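Visitor: Requesting a structural model of the entry that follows:
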Amino acid sequence: MISIWKKELRSSLFSVIGFLYLAASILFFGVYFYVLNLYGGSAHVNYAYASVVYLFSITIPILTMRTFAQEFRDRTDQLLFTAPVSLRSIVLGKYLASVTLFLIPVVVAAAFPLILTGYGDVAVAEAYTTLLAYILYGLAAIAIGLFLSSLTNNVVVAAVLTAVVLFLGYTMGGFGELLGVSFLKSFFDAFHLQARFLVMENGVISLRSAFYFLSVAAAFLIFTVLRLQHGRGGSATHRKKRILRMCCTILCLVGLNIGAAYLPDRVTEFDVTMRDFHLLTDNTKKFLDGMTGDVTVYVYQKESDADVNTVKMLKNYAEYPHVTVEYVDPALSPRFPMKYVANGFSEGSLVVASDTTFRVISKESIYTYSDEGMAQYGASPDGFDLEGLLSSAIDYVTTERIPMIYQISGHGELLLSGNFQSALNRENVKLQEISLVSAGSVPKDSDCVLILAPKEDYSPAEITALKEYLDGGGHLYVLLQWTENPQKNLHGLLAEYGIEVLNGIVSEENSDLYFQEPYYLIPEIQSTSATDMLAGNLALSAMSVGLRTGDPAVETILKTTADAYLKRNPTDAQTTGKEAGDEVGEYLLGVFRQWTVDLTPESAAEGTARITREAQLAVFGSPYMTQDAIDEYISGMNRKLFIELMGHMVTRPALIYVPPKTYSVQYVVVPNSDALFFGVILSGVIPGILLIVGIVIWALRRRR
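Guide: Presented below is the predicted three-dimensional model:
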């Protein structure tokens with residue numbers, strides 16, 4: 001068997017066909033990795049692996065079409081079969097040679113998650129589970145191709161047959177759905193290779209699927225041996241015995257697969273994406289350490305019946321002196337929910353109560369789903385949200401005053417996106433829209449005012465109201481956007497506090513510093529009095545206007561390099577790249593200023609204690625700093641920056657915002673230059689070199 005394996009592998013590597021397969025496979029892997037992960041920013045490399053599977057109907061025929069068909073065509077089969085090697089060894093040797101060649105591109109593809117981890121949190125477990133499923137699928141497909149190659153002496157016919165059968169195996173499940181007959185659907189599903197792959201695509205190791213693929217591979221290898229034995233002739237009795245023995249083997253494999261279908265999931269499926277979600281984050285630990293009031297967390301369920309993650313997390317909360325956890329048995333206290341909610345709540349829900357108030361956490365909100373309607377269909381959750389809900393509830397029932405944030409409207413401002421609003425809700429901060437035109441001034445109970453990228457300028461009266469608010473120790477958060485007519489009044493207000501607005505779109509020339517397009521900037525968060533906890537992380541600033549300052553009191557949160565350029569009239573630009581007339585230099589993208597305001601009345605007697613308040617102003621040039629669509633690409637860092645600033649500006653003692661703990665991450669940000677570099681190497685250079693080597697070897701052999 002080893003000698004056959006060496007011979008076949010050597011034959012493949014000294015022919016253009018072997019290198020054509022390697023080049024094609026690595027090309028497909030590289031293209032999908034570039035499009036979906038490097039350029040598209042997806043943190044799921046398993047999507048790239050899964051996309052290549054349907055190309056088995058192209059790549060596997062290239063790999064297997066010559067194994068036996070060429071032996072028959074060149075009449076070398078008799079020489080092979082008379083060698084002192086059994087038929088089983090011949091078949092296994094050829095099969096293992098094809099598998100070895102098949103695994104070479106897989107080894108290259110296995111480096112993809114490692115490449116991507118340099119740019120953020122990557123779904124590594126899902127990636128390698130999908131790659132394992134890809135390998136198992138490939139083992140079955142190669143065995144099918146090997147058998148079909150043994151049926152003919154025409155290489156092209158062998159390739160076409162393999163392509164058709166693998167295509168049917170990929171789409172077989174759809175035929176059963178179209179027919180709508182349960183028996184036929186089950187029949188077609190039994191041959192649906194893709195269905196078994198999908199089970200393992202998202203991080204679930206399925207022993208049933210693995211056994212299915214290995215069974216298919218074993219069955220077609222047996223078919224191949226049977227076909228070759230039949231071709232060698234023999235007595236009728238021997239042929240019948242061989243057929244009977246092989247049929248019994250196939251029936252055993254089918255029976256084992258049927259038996260595996262009845263095994264419970266807990267012994268056949270292992271979710272490798274699961275993490276210890278019960279561990280508390282630093283935000284929660286800091287918050288619980290600073291608690292002064294006592295709270296009780298009631299769980300409306302017996303502890304033995306409660307969700308495992310919930311029980312583990314509550315034990316961690318109960319370790320803090322001001323938190324008590326009690327389980328309420330629904331059978332013994334059926335009316336317990338009526339004490340808090342008139343319509344009651346479901347078993348497994350929680351009540352967080354202090355001496356004065358309470359908050360209910362429904363069982364349905366503890367786990368999150370990518371689609372809100374998927375929970376009722378029994379779909380698996382994509383996140384665990386108990387810590388965020390519980391910490392927020394404890395803060396709510398122990399807080400004496402809820403901070404108030406007003407969002408100005410009436411000038412085409414953007415609304416705060418859903419995830420940003422949810423984050424404020426977790427901080428137990430109230431958010432309300434207000435029109436300065438009708439209100440005339442900022443309400444006195446305001447802890448912060450948001451101005452989110454107005455399209456129209458503010459009136460002098462509104463600017464006066466904002467200035468009075470700031471001069472009275474107010475807190476103002478401003479997002480700007482480029483407008484064809486500069487907003488002189490709003491920009492003038494910011495200039496009074498040392499912040500100059502340059503009405504043009506900022507871009508970076510260095511492709512290491514932008515994502516996909518030059519105006520999707522990925523600056524590093526700087527250390528300031530309000531952002532020290534996030535310093536060193538990357539934010540995503542899209543379509544930002546430029547800022548400058550000469551005031552040393554203004555702190556820099558985000559900035560470009562000195563090679564950045566400003567397009568004053570982006571609508572007239574011929575390209576997103578640098579053009580003649582663009583202003584080159586370093587620009588600020590986000591700034592923060594804090595100063596002390598003396599509120600002591602002029603009539604106060606000399607020696608009276610001074611009344612002071614810290615005024616704060618945060619300004620960002622990008623209108624999308626509080627939009628979910630941009631924030632998702634930076635793994636929520638823009639949202640964390642916003643919440644960090646809000647926590648500082650509304651003077652909360654400790655941030656308690658904890659986002660849902662997701663089973664898998666969504667996006668990474670890969671600088672454009674790095675994406676192009678790896679894309680060219682994987683999709684062009686490596687396949688090109690392999691193809692050239694194959695052609696050179698073929699040409700040299702033709703000369704001999």
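Visitor: Check the average confidence over stretch 570-582, would you?
Guide: Averaging pLDDT along stretch 570-582 gives 79.
Visitor: mind checking how far it is from the chain centre?
Guide: Distance, stretch centre to chain centre, for stretch 570-582: 33 Å (C-alpha atoms, centre = their mean, to the nearest Å).
Visitor: buried sites along it?
Guide: Ala573, Lys578, Asp582 (16 or more other C-beta atoms under 10 Å). Where C-beta positions appear, they are placed from N, C-alpha and C, glycine not excepted.
Visitor: Can you list the low-confidence ranges for the stretch 1-150 of the chain?
Guide: Within the stretch 1-150 of the chain, the segments meeting pLDDT under 70 span 77-83.
Visitor: Can you pull the phi and psi angles for Gln616?
Guide: Note on Gln616: backbone dihedrals following degrees, to the nearest 10 are phi -140, psi 140.
Visitor: same check, this time on Leu676
Guide: phi -70, psi -40.
Visitor: And it, how far from Tyr34?
Guide: 8 Å (C-beta to C-beta, to the nearest Å).
Visitor: who's in contact with the spatially closest residue to Ala69 that is not a sequence neighbour?
Guide: Excluding its sequence neighbours, the residue lying closest to Ala69 (C-beta to C-beta, 6 or more residues apart in numbering) is Ala158, at 4.2 Å. Neighbouring residues of Ala158 by C-beta atoms under 8 Å, 6 or more residues apart in numbering: Pro61, Thr64, Met65, Arg66, Phe68, Ala69, Gly145, Leu148, Ser149, Leu151, Thr152.
Visitor: From those, pick the one nearest Met637.
Guide: Pro61 (45.9 Å; C-beta to C-beta).
Visitor: Would you verify that that closest one is located in a strand?
Guide: No: assignment of Pro61 by DSSP: H, G, I helix; E, B strand; the rest coil gives helix, placing it outside any strand.
Visitor: What about it, how many residues nearby?
Guide: 25 (other C-beta atoms under 10 Å).
Visitor: Does it touch Val165 like I think?
Guide: No: contact criterion C-beta atoms under 8 Å: Pro61 and Val165 do not qualify, at 9.6 Å.
Visitor: Overlap of the contact sets of those two?
Guide: Contacts common to Pro61 and Val165, judged by C-beta under 8 Å, 6+ apart, are absent.
Visitor: Can you list the buried residues in stretch 358-368?
Guide: Phe358, Arg359, Val360, Ile361, Lys363, Ile366, Tyr367, Thr368.
Visitor: Now render those as TSV, adding pLDDT, secondary structure and distance to Thr171.
Guide: Listed next are the buried residues of stretch 358-368 as TSV, based on pLDDT from 0 to 100; DSSP: H, G, I helix; E, B strand; the rest coil; distance: C-beta to C-beta, whole Å:
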residue	pLDDT	secondary structure	distance to Thr171
Phe358	92	strand	55
Arg359	92	strand	51
Val360	93	strand	48
Ile361	91	strand	45
Lys363	89	helix	40
Ile366	87	coil	39
Tyr367	85	strand	34
Thr368	80	strand	33
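Visitor: between those residues, which is closest to Gln616?
Guide: Arg359 (29.5 Å).
Visitor: Relative to Ser89, how far out is that closest one?
Guide: For Arg359 relative to Ser89 (C-beta to C-beta), the value is 71 Å.
Visitor: ditto for Arg639
Guide: Here the distance between Arg639 and Ser89 works out to 61 Å (C-beta to C-beta).
Visitor: Neighbour count: Leu676 and Tyr34, which is higher?
Guide: Tyr34 (22 against 15).
Visitor: If you drop the residues flanking it in sequence, what lies closest to that one?
Guide: Ranked by C-beta to C-beta, 6+ apart and with sequence neighbours excluded, the top spatial neighbour of Tyr34 is Gly679, at 3.6 Å.
Visitor: Tell me which residues of the host helix or strand of that neighbour come out buried.
Guide: Element membership of Gly679 [criterion: DSSP states H and E] is helix 672-680. Residues Asn672, Ala675, Phe678, Gly679 are the ones in helix 672-680 that count as buried (16+ other C-beta under 10 Å).
Visitor: Give the full set of residues in contact with Thr612.
Guide: So, once contact is read as C-beta under 8 Å, 6+ apart, Thr612 ends up touching Gly473, Thr596, Val597, Asp598, Leu599, Thr600.
Visitor: Just among those residues, which is most surrounded?
Guide: Ranking the contacts of Thr612 using other C-beta under 10 Å puts Gly473 first, with 17 neighbours.
Visitor: how far away is it from Val325?
Guide: Distance from Gly473 to Val325, by C-beta to C-beta: 41 Å.
Visitor: And Leu96, by the same measure?
Guide: From Leu96 to Val325 the distance is 58 Å (C-beta to C-beta).
Visitor: I'd like to know which elements the helix holding Gly679 is packed against.
Guide: With contacts defined as 3 or more C-beta pairs under 8 Å, 6 or more residues apart in numbering; DSSP states H and E, helix 672-680 has no helix or strand neighbours.
Visitor: number of nearby residues for the spatially closest residue to Glu456 that is not a sequence neighbour?
Guide: Among residues not flanking Glu456 along the chain, His411 sits closest, at 4.4 Å (C-beta to C-beta, 6+ apart). Residues within reach of His411, counting by other C-beta under 10 Å, total 20.
Visitor: repeat for the one 4 residues further on
Guide: Applying other C-beta under 10 Å, we find 14 other residues in the vicinity of Leu415.
Visitor: Who are the contact partners of it?
Guide: Leu415 makes contacts with Gln407, Leu452, as judged by C-beta under 8 Å, 6+ apart.
Visitor: tell me the secondary structure for it?
Guide: Recorded secondary structure, Leu415: coil (three-state DSSP).
Visitor: Arg639 and Ser89: which is more packed in?
Guide: Arg639 (24 against 16).
Visitor: The more buried one against Glu632, yeah?
Guide: No: checked against C-beta under 8 Å, the pair Arg639 and Glu632 is beyond contact range at 9.4 Å.
Visitor: hmm, who's touching the strand or helix carrying Val325?
Guide: In the assignment (DSSP H and E), Val325 maps to strand 323-327. The contact list for strand 323-327 (C-beta under 8 Å, 6+ apart) reads 288, 291, 294-299, 301-303, 306, 314-315, 317-318, 394.
Visitor: Just the buried ones out of the residues you listed, please.
Guide: Here, 16+ other C-beta under 10 Å leaves Leu288, Met291, Val295, Thr296, Val297, Tyr298, Val299, Gln301, Ala306, Leu314, Tyr317, Ile394 buried among the contacts of strand 323-327.
Visitor: Show me where the stretch 601-704 of the chain has its strands.
Guide: Remark: strands assigned in the stretch 601-704 of the chain by DSSP state E, counting those that start in this stretch are 612-620, 661-662.
Visitor: where among the ones you listed is the average confidence lowest?
Guide: Mean pLDDT is lowest for strand 661-662 out of the strands of the stretch 601-704 of the chain, coming in at a mean of 72.
Visitor: Summarise which helices and strands that strand is packed against.
Guide: strand 383-384.
Visitor: Give the pairing partners of the strand it packs on; include direction for each.
Guide: Sheet pairing for strand 383-384, assigned by DSSP bridges, gives strand 367-368 (antiparallel), strand 661-662 (antiparallel).
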